[in-house]
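Visitor: sequence and computational prediction follow.
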Amino acid sequence: MRSRLKNRRPGLTFTLPHPGNISVLVYDVMVGFDEAGTPKEVFISANKPTTAMDVAARDTATLISIALQHGATIAELSAAMTRGDEGEPQGVAGAVLDAVREFEQGGA
């Protein structure tokens, strides 16, 4: 069952550069937490509004948020993302989830 969030809640905002095919893409990310400090929602927007990249980022954030609100963890979602040979995230979802995971572990 999906957990209901309060209208006002703590959040974390950061900018995330992520390598693209041609250039580095820049995403603005906001993570909302529940009363216990658990991430429960994610908003992602790209530096080029209304482009396919921006739409994909926003849709990705919606899917991550729904998964979190149904009990998935950042660690589970992060582990499920496509990775390169060195374990680096290949897409924006993995990059965002890794950044939130690092924050949860006290690295940010």
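Guide: Yep, it's here. Numbering: from 1, shown residues only.
Visitor: number of nearby residues for the nearest residue to residue 24 once chain neighbours are set aside?
Guide: Leaving aside its chain neighbours, residue 24 sits nearest to residue 17 (5.0 Å; criterion: Cβ to Cβ, 6 or more residues apart in numbering). C-beta: built from backbone N, CA, C; applies to glycine. The tally of other residues near residue 17 (other Cβ atoms under 10 Å) stands at 12.
Visitor: other residues contacting the host helix or strand of residue 17?
Guide: Per DSSP states H and E, residue 17 falls inside strand 11-19. Outside strand 11-19, the residues within contact range by Cβ atoms under 8 Å, 6 or more residues apart in numbering are 24-33, 89, 92, 95-96, 99-100, 103, 108.
Visitor: one step back: if I look at the residue nearest to residue 24, how far off is residue 83?
Guide: Between residue 17 and residue 83 the computed distance is 18 Å (Cβ to Cβ, to the nearest Å).
Visitor: which parts of this structure are helices?
Guide: 52-69, 74-79, 92-104 (DSSP state H).
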